[in-house]
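Sharing a sequence plus its predicted fold:
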Amino acid sequence: MTCAIWFLRTAFLVAGCGSDPGPGGDPDAGGDSDTDSDADVAPILPACEETEPAGVENLEPVASTLVGTVESAVPRTDDPDDRTSPSSEDGEREYAALGMGEYSRGAGLERVRRTDLGDGAPTARRSIAYFVHMADFQLADDESPNRLAVLDNTLITSGLRPQEAYLPRAVSAMNRTLARIEPAGHPYDFGIVTGDCADSSQHNELQWVMQIMDGAAGVNTDSGEDDDPTPGPDNDPKDPFDAAAFPGPWYYVPGNHDVLVLGNAVPGEDQRASAIGSETSGGTRDYRIRWAEPVTGEIPPDPDRRIVDRDEIVEELTLGPSTPGPAGHGYEAGVDTSLGANYAADVVPGLLRVLTLDTNDRTGGAEGIVLQETVDGFLVPELERAADDGVLVMLASHHATSSMDTAEGLIGDPIPEALEPADVEALVATYPQVVAWLVGHSHDNRVRAIAGADADHPGYWEIMTSAMADWPLQSRVVEVVDNGDGTLSIFATTVDFDEGSCLERRFRRLALMDWACGWVDDWSSAPEDNNVELLRAVPATATAAVAAADGSDRIESDTTLRGK
């Protein structure tokens, strides 16, 4: 959600628009949903199958987007005139009649070989690291008082995603898909989620993230009252479900939505009280009325919506189950977060270390920030230690440097301690052991080459993976390959989730509709940002570690992920 929504929220409240408009958002409606005779006999939400075009079936699973993609039946429109929200009943019916939200299996996307940071002549190749990069779940409590659903529009999107209630099942479906394509003899070394796991720094949202990634039974993403908008089990987004665990150890990275209210506001007394209160002024879903239309005014409260801080997030992570692990998901109990929720993890012991950098601005705002004290107290010492230990390094943060600034909050005064983004890039590029930086935040698939000063300092690859929350709903499988010629190849391959139920198909259809109707930004990335092979020299400090690494002659990116 963009920072501008907070300015509109202020104007919204000052204008006195925070009163209860009644069910369905009609200020003249008054009363409750029982006054509508149709509501007495019809379910609040239609059965999932009733919302689908005739004859719809699950897409046939494929190994990756190298084999096949999910293709929209109609082109995206960017016409801003007379647009209806796709989150409304009228909007969904309008766009469905135009074929928006319909999709089929499209052709695969070929891999692009990129040599921006140097070329090579691969000889005896070995796969030495294999992992998954996920980003931006934004698992939202869509019934929270702190939501701003009534302000959602084409300029300020994500206040009310039509697909968000189904998101938990989609993350589970992605985990199930990743397990299906995992080679029996070559498991993932780890997975990493680069931030915005939750949507508004709430305790219940954090719990849902952990439960889904850990594969808990009976995951219940309802809040407030116990809603069953479509009578019966497993036929609406508020029904409990058994989650598919991520198939391996997974690591957590904090994003702005994990530590700030709606990803923008520093939690203060007002926000904390509002989160667990029974009044909403910005609008939130109400699953007691038809189509769960947003309402303002009085709603059922829930104490588990309480706001959590960095230290509480770390504590909750360390209390999780031992499987799939690791314990703490990167954090140790009692870790000092005064410089940020940072950590170093040997994800492939003796070969690859991940340095997680908390780039969230403690003064508020969606953009990231890097302070000199964090560089001096964490980043540089860890980079120096990695050089001494002779391992490869990948940084991981929520924000890319292109989404960092040096100001307080949204549009505040400059922070003298904040580094300019270009200076952060230049600093990191002086350490040749850094081969990649994994990021999220922008909801896009993007790959940038950040060049270093010379052949001994070639620079690193910035790899951004798109959001699970928004189209195209993908993750990446990443493989590090020793080319046998003094170079490494980093293969990055996008993956679509398998469909296993109507609710999973509905999530995909609504997210595609949100994109196809032009309500949200166009995240249609170029071929060089999707399936890629990224070449780069083996750093001198890690030559021995690369040579000694356990490896496989089978390169999964050119076999398993091609369906071979």
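Nice, I can see it.

what helices or strands is the helix or strand encompassing residue 426 leaning on?
Using DSSP states H and E, residue 426 falls within helix 421-429. Helix 421-429 sits against strand 446-454, strand 457-464, with contacts defined as 3 or more C-beta pairs under 8 Å, 6 or more residues apart in numbering; DSSP states H and E. C-beta coordinates here come from the backbone N, C-alpha and C atoms, glycine included.

List the buried residues for the longest one?
Neighbour counts using 16 or more other C-beta atoms under 10 Å place 446, 447, 448, 449, 450, 451, 452 of strand 446-454 among the buried residues.

now those residues as a markdown table including distance to residue 274?
Formatted as a markdown table, the buried residues of strand 446-454 follow (distance: C-beta to C-beta, whole Å):
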| residue | distance to residue 274 |
| --- | --- |
| 446 | 35 |
| 447 | 40 |
| 448 | 39 |
| 449 | 44 |
| 450 | 41 |
| 451 | 46 |
| 452 | 47 |
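
For this structure, which segments count as helices?
For the chain, applying DSSP state H gives helices covering 4-14, 37-41, 89-97, 167-181, 203-214, 256-259, 269-275, 310-318, 372-374, 380-389, 421-429, 502-516, 543-548.

just to revisit the earlier point, with distance to residue 177 as extra columns, can I get the helices and strands packed on helix 421-429 in a markdown table?
Below are the helices and strands packed on helix 421-429 laid out as a markdown table (distance: least, C-beta to C-beta, whole Å):
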| stretch | distance to residue 177 |
| --- | --- |
| strand 446-454 | 22 |
| strand 457-464 | 20 |
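
what residue ranges in this structure are flagged as low confidence?
For the chain, the stretches with pLDDT under 70 are 1-42, 80-81.

what's the residue closest to the geometric middle of it?
Of all residues in the chain, the one closest to the mean position by C-alpha atoms, centre = their mean is residue 136, 1.1 Å from it.

if I pick the closest residue to that residue other than its chain neighbours, what's in contact with it?
Sequence neighbours aside, residue 467 is the residue nearest to residue 136 in space, at 3.3 Å (criterion: C-beta to C-beta, 6 or more residues apart in numbering). Residue 467 makes contact with 135, 136, 137, 138, 196, 440, 443, 473, according to C-beta atoms under 8 Å, 6 or more residues apart in numbering.

how many neighbours does the residue nearest to residue 124 when sequence neighbours are not counted have?
Ranked by C-beta to C-beta, 6+ apart and with sequence neighbours excluded, the top spatial neighbour of residue 124 is residue 484, at 4.0 Å. For residue 484, the neighbour count with other C-beta atoms under 10 Å is 15.

Just confirm residue 484 contacts residue 122, I think it does.
Yes. Counting by C-beta atoms under 8 Å, residue 484 does reach residue 122; the two are 6.4 Å apart.

What separation is there between residue 292 and residue 246?
29 Å (C-beta to C-beta, to the nearest Å).

Please list the residues outside stretch 386-394 that contact it.
344, 346, 350-355, 383, 431, 433-438, 480, 488, 539, 541-542, 544-546.

typo on my end, stretch 300-315
By C-beta under 8 Å, 6+ apart, stretch 300-315 touches 141, 143-146, 201-204, 206-207, 223-225, 254, 258-259, 261, 267, 271-272, 275-278, 316, 328, 331, 333, 335, 337, 340-341, 358.

What remains of those residues if I keep only buried residues?
Buried, going by 16+ other C-beta under 10 Å: 141, 143-146, 201-204, 206-207, 223-224, 254, 258-259, 261, 267, 271-272, 275-277, 316, 328, 331, 335, 337, 340-341, 358, out of the contacts of stretch 300-315.

that older thread, between the helices and strands packed on helix 421-429, which gets nearest to residue 102?
Residue 102 lies closest to strand 446-454 among these, at 27.3 Å (C-beta to C-beta).
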